[in-house]
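Q: structure for this input, please:
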Amino acid sequence: MGSKPFLTRRKAFIAAGALGTTAALRRQGLISSAAAAGSELPPYIEIPHLQPFLADPNQIADIKVCIRPFRAAGPRLDVERIGDKTVFHNYGHGGSGWSLSWGSANIVIGKVATTLEKKVAVIGCGIIGLTSALTAQRAGCDVTIYTRDTLPHTRSVRANGSWTPDSRIALTKPAGPAFADLWEQMARFSWATYRGYLGLPGAPIDFSDHYVLSDKPMTTEDIEKKNAGKIGKGDYASTGMPQSSSEFAEYSDRITDIIPQAETIRSGEVPFGVAYGKRQQMMMYNFGAYGHLLLSEFFQAGGKIVNREFHSPEDLKSLPEKVVVNCPGYAAREWWNDKSLIPVRGQTTWLPPRPDLRYGMVYNGSSMLSKSDGIMIQGFDLELGEMAGVGNSFEHPDRSESERAIGVFTELFNRNAVKKG
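A: This is a model prediction of the structure:
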């Protein structure tokens with residue numbers, strides 16, 4: 001969740017049960033092989049004093065549930081004909097939609113360009129739909145987005161919003177060896193595009209320090225028994241559903257040359273009095289500022305949004321455009337009848353924003369990330385790893401889940417206060 005970036009959007013926040021072992025951390029995308037091998041912060045780098053936040057369920061401002069659209073073979077990027085329409089699919093990115101959005105759009109719009117059509121319809125206004133529309137505009141197309149909801153109301157903004165480009169992006173065997181090259185192409189293009197948004201007003205794209213903390217040494221002994229994430233017999237090929245975390249593909253070792261790597265924190269300097277820790281700079285997306293920026297660019301370039309709900313592929317025949325880019329996310333399971341989509345549930349809890357807090361943290365099965373719109377808290381099953389939420393399409397919030405996740409930090413901060421006393 002090989003050498004891998006330290007925190008990669010979903011893997012960093014979904015399967016924090018790996019915190020007891022280095023190999024497990026690598027699987028979840030929490031640390032790289034280089035970091036695991038013993039790379040340590042140089043002596044001239046000091047770990048800043050991190051302020052705790054008010055970890056209290058009474059401070060909950062929002063609870064969001066996201067359904068990630070996972071496909072075992074990876075995102076659907078193929079082309080098909082529906083009547084006189086040429087439909088270019090772009091959906092099924094699992095937990096990597098935000099991270100791979102620009103790279104995925106670049107591939108799909110490259111195919112669109114071969115039609116020489118200038119009027120393009122985009123279905124869906126989540127992050128995949130919006131970046132596809134913008135990429136088409138930049139290629140000289142006249143774009144109309146047809147959608148039930150605009151970006152602020154889509155499943156996309158119920159995510160946690162950090163760089164995790166191979167979080168549940170595919171299963172290794174169904175995706176096949178060729179997908180790794182395609183994934184790398186998408187990841188590199190997206191990373192380069194996001195860097196162009198750094199330093200803008202409102203910090204639409206930003207970096208912050210992220211810490212993985214553990215009470216146990218980050219060693220490899222108990223990886224299989226601690227975080228195999230095995231939930232049943234067989235595998236995807238025999239059951240039609242992944243049965244183990246080990247089935248999920250890992251590709252992040254292909255881009256370690258451009259991603260900041262994790263460093264081990266020296267003994268005695270780990271924040272909050274925890275025994276072991278690692279630190280890395282991680283990219284994150286501030287949804288409000290970033291979403292507003294993208295929508296503004298779309299409208300300024302002459303884009304139009306039409307509120308419309310689709311129920312079957314036949315509905316496309318009434319559109320005036322001959323070229324359609326289909327970006328419905330998990331909704332494709334119903335309206336396109338694509339049963340290859342597997343829901344993966346994830347829940348985030350939001351506390352009031354703290355602009356003075358400039359860090360993220362993963363500890364004991366819970367994570368936090370301080371963003372411009374609030375402190376995001378997410379908790380995980382310590383045993384299931386990548387299997388957590390797989391097959392679960394329940395979109396209603398579970399407050400008890402939020403309270404358990406917050407309680408991890410309540411205990412950590414209280415324990416640290418007692419030690420100081």
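Q: mind naming the longest helix for the protein?
A: helix 399-420 (DSSP state H).
Q: need the contact partners of that one.
A: With contacts defined as CB atoms under 8 Å, 6 or more residues apart in numbering, helix 399-420 is touched by 52-53, 55-57, 60, 63, 272-274, 347, 349, 351, 363-368, 377-379. C-beta coordinates here come from the backbone N, C-alpha and C atoms, glycine included.
Q: one more: stretch 310-318?
A: Residues outside stretch 310-318 that contact it (CB under 8 Å, 6+ apart) are 82-85, 87, 121, 123, 146, 324, 328, 335-337.
Q: from Thr131, how far off is Thr410?
A: Thr410 is 38 Å from Thr131, where distance means CB to CB, to the nearest Å.
Q: who has more neighbours out of those two?
A: In terms of neighbours (other CB atoms under 10 Å), Thr131 is the more surrounded of Thr410 and Thr131; the figures are 28 against 15.
Q: host element of the more buried one?
A: Element membership for Thr131, per DSSP states H and E: helix 127-138.
Q: report the beta-bridge partners for Ser370.
A: According to DSSP bridges, the residues that bridge with Ser370 are Ile375.
Q: that one is in contact with Gly360, isn't it?
A: Yes: at 6.7 Å, Ser370 and Gly360 qualify as touching, with contact defined as CB atoms under 8 Å.
Q: now do the shared contacts for the two.
A: Ser208.
Q: more crowded one of those two?
A: Ranked by neighbour count (other CB under 10 Å), Ser370 and Gly360 place Gly360 first, with 25 against 21.
Q: name every strand pairing with whichever strand or helix holds the more buried one and say which way it goes.
A: Assigned by DSSP H and E, Gly360 belongs to strand 359-363. Partner strands and pairing direction for strand 359-363 (DSSP bridges) are strand 205-214 (parallel), strand 366-371 (antiparallel).
Q: I'd like those laid out as TSV, including mean pLDDT and distance to Cys141.
A: Below are the strands paired with strand 359-363 laid out as TSV (pLDDT from 0 to 100; distance: least, CB to CB, whole Å):
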stretch	mean pLDDT	distance to Cys141
strand 205-214	95	25
strand 366-371	96	32
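Q: comparing the ones you listed, which comes out most buried?
A: Burial of the strands paired with strand 359-363 is given as mean neighbour count (mean count of other CB atoms under 10 Å); strand 366-371 ranks first at a mean of 25.
Q: work out the gap between it and the centre of the chain.
A: Centroid separation between strand 366-371 and its chain, computed with CA atoms, centre = their mean, to the nearest Å, is 13 Å.
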